[in-house]
Structures are given as structure tokens and as C-alpha cells.
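Asks: any chance you can model this:
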Amino acid sequence: MARLDTGRDGDAGGDGAKGSAGDVDVCVVGAGPVGLTLAIGLRRLGLRVRIVDKAPATKREARALVLWARAREALDSLGVGETLRRHGVELEVVTIHARDRALGELTTGWARSAHARPLNIEQHDIERLLSEELARLGTRVEWNTELTDVKVHDDRAEFTLRHEDGTVESAVAPWIVGCEGTASVVRDRLGIPFEGRRRTGLQVVQGNAQPTWQLGEEPGRGHIFLAPHRSLLVFPLPGGGFRFFCFRDDPDPTLTTAPTIGELRDLVAETAGMPGLRLEATEHLWLNRARFSDRVAARLRSGRGLLAGDAAHAWAPVGGHGMNVGVLGAHNLAWKLAAVHHGQAGEELLDTYSDEQRLLAVRYIREMRFNFMELPLPPLGYRVFTATVPAALARRGIQRRLDLRLSDLSRNHRDGALSRHRPGRHGRPGGPRAGDRMPDVALATGSAECGTGTAVQSVASVAAVRLHTLLGYERWTLVLHAERADAGVLDALRETCDGFPAPVRVLPVTPWDGAEARRLGHPDDLRLVRPDGYVGLVAPLDRPALLRSYLVALAAEARMPVRRSEEHHPHRTH
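Replies: Sure thing, here's the model as predicted:
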């Protein structure tokens, strides 16, 4: 892997300096959470990055609020997980109310992850912290810099920037990625359709406020209030007070002005059944009314131009996963773009980003249409749904399934071209399939051999660690049970990986107990884990040829065929 360039020699990686094709590898357009995540990932993998945004600075308004477990894992792998945790508050339990009745509680943290609980943290704080981390890596955001045009060629992207003083700059970079939101100039200039349609009959009224009510302000506790045509979510803020999200019907679509604190109070009081409720504005008053469209770009790549975040997909914030899906997309894209740029894989690897991320977005749009905990229901639907909630929340199995679904840890890329599942002929398969997130298995003792080619380093006596701490965003990891890792097996695996241009760590591990061993998978199988933590290949240990063919195909220019089990577009109506 190329050495990390800190951008101290006047290249575009440092201090937001303007650059030419010789000193910029990637131009990232948009400095929201997605663009910043992408830039950090690229910098950690040795690419020189220029990131521009037409805004004057990081946003000073509240937008997205929740980071779910999988996005937290992704950000942690980029070195910012602990920083974000210190500035947020973990959501531990949510009380479900129907008017003035408590129906039960939804608890979080069931998933096996070091970041199992959702983290409440304001989007503007996320952007500030990620910008600071990116600056430490030698790259500063160029604010007040607007992209006005893009043209892509076989070997580069040419683009035009307008600066704060009105000057216009013509620039060039090998790659350009649009992360600048739904009105993406990059997407428009690449001629990529934004397929989908507007969501009607739904508006979201939200704001930050401090309530005067009998429920108190318990750290880590949120509330959901259900009523006919209304669903109110109330989540604690790190600095005190709450964020109020009200999904409601849309009786007057012509009303576009922001709500007043009085309108929000009346809406909350009516939905929660608290006529005497008072709301006080927080230190930074923020109120918003929004309507949404469900749209996905027809493709996320056009040659040297790519899309991520809201430029690639957008939908109503039901479930609060929009920012999270964008962050996961940036995490998916950065290592692939770096691998292609460093000559470790053919450009077809970038098409797997497009296919995987589009399918993920399409599935979210479909599933969120059935999220009755948040979507406003008519009176009959409300009565039927609230009648089932107490019994459902009383069952541990349902609690686990709901938490796992919200965490995004069960999301997978099984249908992707990079996922090859060829396990041995043994009994119950167990363990993750190709395309699944590699579980964070608890390990007892073991050893690891790390190497690319003939360079090998031994690491012994690993005790009481989690598997994810041994993975790395800068490499692939070949995971196998230590009990099968004799010298002959390791020599064969090392020989197979020899010559593969990307780093591969051969990692024999010993699960903590039998349950953890089953989570890891059958001892006779190996699992090749991608840099972003998903399993690429499952194959028998005694068939290294399958591993060899996978690595050869990854490094070659030939396209790996995509298996499509469902359509990759939500709508065709604009």
C-alpha cells in the first residue's frame, strides 16, 4: 500500500491548496458527513484529496441526529469512532406511547458490536469533528468554492470552480466524486438520471426544544408517541433538551415556511396527549418543515466520476438512516477507489460499489414504506397497530430482531459480484455468508501471520480481544480457525496470496467458546474479509485454488459478473 502523504509539501492534500492533475488524486465535492468520511478514508489510504463546498463553513443547523451501529463501526475503522462517542449520547431505551398510555419499551444494544447502541449526535457536530480529523491528515475543506461544471475523460476529470471572490478556476484530477446533495451538479453534468418520485401526503416537522413535562430528562432514554395521522419521535440531545421529529399528514402542501415554536408545541401536545405541555427553545433554536422524494441515481459511476450520499440516493427520513447509508457508501467506495488508483484492481471494482450501494438504497426505500412505528397511520390502522405493540415488545426475540434491523448490522452484499460463497461439504454451515458483515467474534488465544508476498510478521498470544480490532481498512484479512492453521496450511495460503497487489493479512484465530466458534463459521472453511469488513469469499481450506482465482479476478481487468436477484431501481416515474 502506498505510504500516506501528509500533504506538507504544498500538494492539494494540505491546507486546501488548489492543485492540478499532478498533485490531486481525487476531488470530493461536498463537505457533509459523507464527503468528509470519503475524504478521510482516501487520505488514510494514501490518496491526495481536494474537498470543496459552496457553503461558507460547516452547517450551524441541526439535521441528521443518529448514528446506528454499522455506521459507527465504519467510522471507528477510520479512526474517528471514539471522538464521535465522546461528543454524543448513546440511546439505551425508547418508551412507546399511544396518546397518554405507555405501551412498552424498546431496548437497544442487543447486537454483538463494540458500538451496539445508536449514538445521538448532531450532524453539525459530526461535520466539525470529521473536518478536524481530515485537517489532521493534512487536508482542509475549501469553503465558499462552488463546482459549476464537470467533464470526464478516459483518464481524468476536468471541472470548473467558482471561488468566494468571484474568480473561476479550471482544474483537473484523475477522479471526482459528487457528495453535494440531491441537487448534485456532478450527477447533472454526468447525465445520470435521478429516478423516483415525490412522496405525497407526508411532511416532517422537527425542532430542538426543552419540554416541561412529567417524563423528565433521563440520559439515554427516548420516546415515541403514536396517534392517528401522527408519529412523534423524541430523542435526547448531547447538550440537553430533545430533538422532536413529527411525521404527519400533509393537509396543506402549499405551506412551506418553517414552523414556529408555538406550532411545534401544539403538534407535540396534541400527539402526546399533553395539553399543558410547554416547550422552551434550546440555545440554538432550530425549526424545520420538510417534504421528500424517494430517488436513486440510475448508476453511481460514469467513468472517472462517481456519486455518493444524497447525490446518489435520497428518501424521507423514516428510520433515520439516510446519513448512515451515505456514510456506509463512502466507506465502501474509499477503499475501492484507492485500490484502483494504486493499480491493485481493475476499474470494474468501482462498478461493484455502484451495484452494492444502489441495491442497499433501493431496499431501504422499500422497507421504510412499512415502518408503521414512524409512518402516520389512519385511525383504523393506528388502533390495529397499537393493539399489537405491547405483546410484541414483551418478547425478547422481537426486541433482538428490531434492534438488529435498526443497527444495519444484518445488511449484506450477498448478491454482489465480490461475494463468492463456496463452503466445504460439511453439516450445518453456520457463520457469515459471502457478502455478510464479518461478526465481531470474541477471541481467546491465537496467532496471526501478516504478509504481502514474502514479508511475514508473527503475532502471538492474542487474548481476550474482539475480531474487529484485528481487521484493518488498509488491507484484506484472511480469517481461519487456529486449530486448522498448521504450517502446511499457512504456507499454502501465503503462497496463494503472494503476488496479489493489495495487502492480505493471514489471521488464524481461536474463538472464546463454542458459541463464538459457531459465529465464526466451520473450522474447515476460510473467510476472506474485505477492507470494509464484509466477507468476500467463503471457501474450503483445502482448496486454495478458489482463493487464488478470487484474487486473480479481483486484480484483473475482466469484469466479475453481477448476480441480480431483484431490480436495482425503485421507480421509473419522475
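Asks: Leu65 against Leu119, yeah?
Replies: No. Using Cβ atoms under 8 Å, Leu65 makes no contact with Leu119, being 9.4 Å away. (C-beta placed from N, C-alpha, C; glycine too.)
Asks: neighbour count winner among those two?
Replies: Neighbour count, other Cβ atoms under 10 Å: between Leu65 and Leu119, Leu65 has more, with 26 against 23.
Asks: which residues does the more buried one contact?
Replies: When contacts are counted by Cβ atoms under 8 Å, 6 or more residues apart in numbering, Leu65 touches 120-123, 235, 237, 243, 320.
Asks: look at it and report its pLDDT.
Replies: In this model, Leu65 is scored at 89, pLDDT.
Asks: if I look at it, how far off is Tyr382?
Replies: With distances taken as Cβ to Cβ, to the nearest Å, Leu65 is found 25 Å from Tyr382.
Asks: mind listing the helices for the stretch 51-200 of the chain?
Replies: 69-77, 81-86, 123-136, 185-190 (DSSP state H, counting those that start in this stretch).
Asks: may I ask which helix or strand of the protein has the lowest mean pLDDT?
Replies: The weakest-scoring helix or strand in the chain, judged by mean pLDDT, DSSP states H and E, is strand 455-460 (a mean of 39).
Asks: any regions of the stretch 401-550 of the chain where pLDDT drops low?
Replies: Confidence mapping of the stretch 401-550 of the chain against pLDDT under 70 gives the ranges 427-429, 445-463.
Asks: my bad, the chain
Replies: Across the chain (using pLDDT under 70), the flagged ranges come out as 1-22, 59-62, 284, 427-429, 445-463, 557-574.
Asks: pairing partners for the longest strand along it, with directions?
Replies: The longest strand of the chain (DSSP state E) is strand 203-212. Here strand 203-212 is paired, per DSSP bridges, with strand 242-248 (antiparallel), strand 278-281 (antiparallel), strand 287-290 (antiparallel).
Asks: between the very next helix or strand once past that strand and strand 203-212, how big is the angle?
Replies: Downstream of strand 203-212, the next assigned helix or strand under DSSP states H and E is strand 221-227. Here strand 221-227 runs at an angle of 130 degrees relative to strand 203-212 (axes from the mean of the first three to the mean of the last three Cα atoms, to 10 degrees).
Asks: packing partners for strand 221-227?
Replies: strand 93-98, strand 230-236, helix 261-272, helix 379-393 (3 or more Cβ pairs under 8 Å, 6 or more residues apart in numbering; DSSP states H and E).
Asks: quick one: distance of stretch 23-31 to the chain centre.
Replies: Relative to its chain's centre, stretch 23-31 lies at 20 Å (Cα atoms, centre = their mean, to the nearest Å).
Asks: 15 is where my numbering starts, stick with that
Replies: Sure, I'll start counting at 15 from here, so that last one is stretch 37-45.
Asks: what about that stretch, start to end distance?
Replies: 20 Å (Cα to Cα, to the nearest Å).
Asks: ditto for stretch 481-493
Replies: Using Cα to Cα, the end-to-end distance of stretch 481-493 comes out at 9 Å.
Asks: what sits up against it?
Replies: For stretch 481-493, contacts defined as Cβ under 8 Å, 6+ apart pick out 15, 55, 58-59, 87, 91-92, 127-128, 349, 452-457, 462, 476, 507, 511, 516-521, 523, 534, 540-547, 550, 561.
Asks: make a ChimeraX selection of whichever of those turn out to be buried.
Replies: Here is the ChimeraX selection string for the buried members of the contacts of stretch 481-493, based on 16 or more other Cβ atoms under 10 Å:
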select :15,55,58,59,87,91,92,127,349,452,453,454,455,456,457,462,476,507,511,516,517,518,519,520,521,523,534,540,541,542,543,544,545,546,547,550,561
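Asks: show me which residues of stretch 91-105 are buried.
Replies: By 16+ other Cβ under 10 Å, the buried positions in stretch 91-105 come out as 91-92, 94-95, 98-99, 102-105.
Asks: then that stretch to CSV, C-alphas only?
Replies: Taking Å, rounded to 0.1, in the frame of the first residue of the first chain, the C-alpha atoms of stretch 91-105 are listed here in CSV:
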residue,chain,number,x,y,z
SER,A,91,-12.3,1.8,11.4
LEU,A,92,-11.3,5.2,10.0
GLY,A,93,-10.1,6.3,13.5
VAL,A,94,-12.9,8.7,14.5
GLY,A,95,-15.2,6.4,16.4
GLU,A,96,-14.1,7.3,19.9
THR,A,97,-14.1,11.0,19.1
LEU,A,98,-17.7,10.9,18.0
ARG,A,99,-18.7,8.8,21.0
ARG,A,100,-17.3,11.5,23.4
HIS,A,101,-19.5,14.1,21.8
GLY,A,102,-22.7,12.1,21.6
VAL,A,103,-25.1,10.3,23.9
GLU,A,104,-26.0,6.6,23.4
LEU,A,105,-29.7,5.8,23.2
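Asks: contacts for that stretch, please.
Replies: Here stretch 91-105 makes contact (Cβ under 8 Å, 6+ apart) with 51, 54-55, 58, 80-81, 86-87, 89-90, 122, 129, 131-135, 139-140, 143-144, 147, 233-236, 249-252, 345, 482, 485-487, 546-547.
Asks: same question for stretch 222-234.
Replies: 76, 103-107, 237, 248, 250-251, 254-258, 275, 278-279, 282, 286, 288, 291-296, 298-300.
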